[in-house]
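Trainee: Predicted model and sequence follow; I will ask about them next.
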Amino acid sequence: MKTKRVYFLIQEWEHPASRYRVLQYLPYLNEAQIEYKVSLFPDSFWQWMKLFSQIKDFDVLYVQKKRLCRWQLWYLKRKCIKIIYDFDDAVMYKSPVDGYRKSFKRQRTFARTVRFSDHVIAGNSYLKSKALPYNNNVTIIPTTIDTGKYSLKNYDIRKEKISIGWIGSKSSLPFIQELTPAFDRLAEKNKSLELKIICNEFFDCETMPVQKKMWAKEEENIDLQGIDIGLAPLPNHEWTRGKCATKLLQYFAVGVPVVCSPVGVHEEIVEEGVNGMFASTIDEWTEKIKCLAADAALRKRMGLEGKKTLDAGYSLEANVPKFINVIRDV
């Protein structure tokens, strides 16, 4: 089999999307006779010119998430290089930071990038539906978890507090902050509860005690193990429907049961009452968290079911063959 050469363009070395969508797959490529080079996106015209000269010996350019301009795509087609476009967010819409507004420019550049690509990798079925009008060659590869970097929590450890936990970036912090009324309502009736936030920004509640933990990659496994109930709230919007449920999968990786919004891919991953619970209103969030907090055996059973769900369809091991096959077949 001929060795294939792939040039990966990623956002940032430590960006979660770069780590989960590209970097964690790299150790498996050499075994599959795929050579590679990884670089950050050029940030100037002259750096793009340098890139165009560098890729002449490569078979495939793998573009992670960013939409390309018309002139960049034109140059790439002149180089006769195959393009794989991978995206794990609804990049055709604006995020909550931008007010969820529609953007004709984003939609236009997304459509052009997808149309010019030889193959498209979408993070979930919702994102695939956005790409299909412009390209029939679309494969779903979900955001995956390297289960070797996580270990199951010890359910037998007796703790003074039951931790309701959330992990995420500051851009998603408003989603969990909206649940403050539920947290305070729960804390008024159960003094053994605490909210654990793993992030780089935090907020306080009036009644619920808040444990604030700065996110650190090397401490992520132990931090997640300290959570008893994982939370994944999302508003129902075109942009949030494209999210790939990374935090939910991280909870599953250590065997933590989840309460989440019935939005987007959450509905594909979670089976109500089996590996998690759904909640939409403050009353529902209060009731579902209360139910899990009161039953340690239920938490363990749901957590272990979540781990099974992860291993079967959302683990790195389960998705490496798909990743390699797309590169080989393009």
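Mentor: Arrived safely, thanks for sending. Residues are numbered from 1 along each chain as shown.
Trainee: Now do the same contact list for Ser151.
Mentor: Remark: with contacts taken as C-beta atoms under 8 Å, 6 or more residues apart in numbering, Ser151 is in contact with Asn221, Gln225, Val254. In this view, the C-beta of every residue, glycine as well, is placed from N, C-alpha and C.
Trainee: per-residue pLDDT, it?
Mentor: According to the prediction, Ser151 has pLDDT 95.
Trainee: Which of the residues in the helix or strand containing Arg108 are classified as buried?
Mentor: Under the criterion of DSSP states H and E, Arg108 resides in helix 104-116. Across helix 104-116, burial judged by 16 or more other C-beta atoms under 10 Å covers Arg106, Thr109, Phe110, Ala111, Arg112, Thr113, Val114, Phe116.
Trainee: cool, and stretch 263-276?
Mentor: Buried residues in stretch 263-276 (16+ other C-beta under 10 Å): Val263, Gly264, Val265, His266, Ile269, Val270, Asn275, Gly276.
Trainee: Straight-line length of it, end to end?
Mentor: 14 Å (C-alpha to C-alpha, to the nearest Å).
Trainee: next one: stretch 203-217
Mentor: 21 Å.
Trainee: Also stretch 267-283?
Mentor: 20 Å.
Trainee: i'd like the first residue to be 45 from this point on
Mentor: New numbering, starting at 45: the last item is stretch 311-327.
Trainee: residues in contact with it?
Mentor: Taking C-beta under 8 Å, 6+ apart as the rule, stretch 311-327 contacts 168-169, 223, 225-226, 229, 277, 289, 292-293, 296, 301-306, 310, 328-329, 331-333, 335-336, 346, 349-350, 352-353, 358.
Trainee: Against Thr153, how distant is Thr136?
Mentor: Just so we're on the same page, residue 136 is Met rather than Thr. 8 Å (C-beta to C-beta, to the nearest Å).
Trainee: Pipe the buried residues of helix 148-160 into a markdown table and attach pLDDT and distance to Lys235 per row.
Mentor: As requested, the buried residues of helix 148-160 are exported to a markdown table (pLDDT from 0 to 100; distance: C-beta to C-beta, whole Å):
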| residue | pLDDT | distance to Lys235 |
| --- | --- | --- |
| Arg150 | 89 | 47 |
| Thr153 | 95 | 52 |
| Phe154 | 96 | 49 |
| Ala155 | 96 | 54 |
| Arg156 | 96 | 57 |
| Thr157 | 97 | 53 |
| Val158 | 98 | 53 |
| Phe160 | 96 | 59 |
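Trainee: what about stretch 229-240, average pLDDT?
Mentor: pLDDT averaged over stretch 229-240 gives 96.
Trainee: Of all the residues in it, which ones are buried?
Mentor: Result for stretch 229-240 [16+ other C-beta under 10 Å]: buried residues Arg229, Leu230, Ala231, Leu237, Glu238, Leu239, Lys240.
Trainee: Please name the residues that touch the closest residue to Gln77 other than its chain neighbours.
Mentor: Closest residue to Gln77 apart from its sequence neighbours, by C-beta to C-beta, 6 or more residues apart in numbering: Thr47 at 4.9 Å. With contact taken as C-beta under 8 Å, 6+ apart, Thr47 is in contact with Gln77, Ile78, Glu79.
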